[in-house]
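In: how would this look folded up:
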Amino acid sequence: MRIDGSVHPETFLDAETQSIMLRRLHPRINNYNPIVSFLLQCNMDIKYIGSGPAAKALVYYISDYITKNELKVNVGLQSLQTALRKA
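Out: Residues are numbered from 1 along each chain as shown. Alright, predicted model coming up:
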């Protein structure tokens, strides 16, 4: 989901998409939790994923991520060498 510039003064349920639209007070800032940001020392984008298309996309992303093949170093270096020669 991209930042669309919409703001919501209150959290509500979008009847059309069956999504929970979290309160958002600034059009260019994603939802975040300051305590979790402090403890983990990392960026985040918090979004409730209940069911439907968003849940399916999340399951696909996680399963694709944990089953991905690692790129072997020699293949990566050969690709880099080829790209540098063409440049």
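In: and the lowest-mean-pLDDT helix or strand in the chain, which strands flank it?
Out: Across the helices and strands of the chain, mean pLDDT, DSSP states H and E gives its lowest value to strand 19-21, namely a mean of 80. Sheet pairing here is set by DSSP bridges, and for strand 19-21 it gives strand 12-14 (antiparallel).
In: and the partner strand, average pLDDT?
Out: Per-residue pLDDT values over strand 12-14 give a mean of 89.
In: Can you give the contact residues for that strand?
Out: Applying Cβ atoms under 8 Å, 6 or more residues apart in numbering, the external contacts of strand 12-14 come out as Ser19, Ile20, Met21. Using the backbone N, CA and C atoms, a C-beta is placed for each residue, glycine as well.
In: Mind listing what's buried along the particular helix or strand that has Tyr60 in it?
Out: Assigned by DSSP states H and E, Tyr60 falls within helix 53-66. For helix 53-66, burial by neighbour count (16 or more other Cβ atoms under 10 Å) applies to Ala54.
In: packing partners for that helix?
Out: Helices and strands in packing contact with helix 53-66 are not found; criterion 3 or more Cβ pairs under 8 Å, 6 or more residues apart in numbering; DSSP states H and E.
In: which regions of this protein sit below the pLDDT cut-off?
Out: When residues are selected by pLDDT under 70, those of the chain lie in 1-3, 30-31.
In: before we move on, the earlier item: after the least confident helix or strand of the chain comes which helix or strand?
Out: Where DSSP H and E defines the elements, the next helix or strand beyond strand 19-21 is helix 34-40.
In: Export that following helix to PDB, keeping only CA atoms.
Out: Extracted in PDB, the C-alpha atoms of helix 34-40 (Å, rounded to 0.1, in the frame of the first residue of the first chain):
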ATOM      1  CA  PRO A  34       7.000   5.200  19.200                       C
ATOM      2  CA  ILE A  35       7.600   2.600  21.900                       C
ATOM      3  CA  VAL A  36       8.300  -0.200  19.400                       C
ATOM      4  CA  SER A  37      10.400   2.200  17.300                       C
ATOM      5  CA  PHE A  38      12.500   3.000  20.300                       C
ATOM      6  CA  LEU A  39      13.000  -0.600  21.500                       C
ATOM      7  CA  LEU A  40      13.800  -2.100  18.100                       C
END
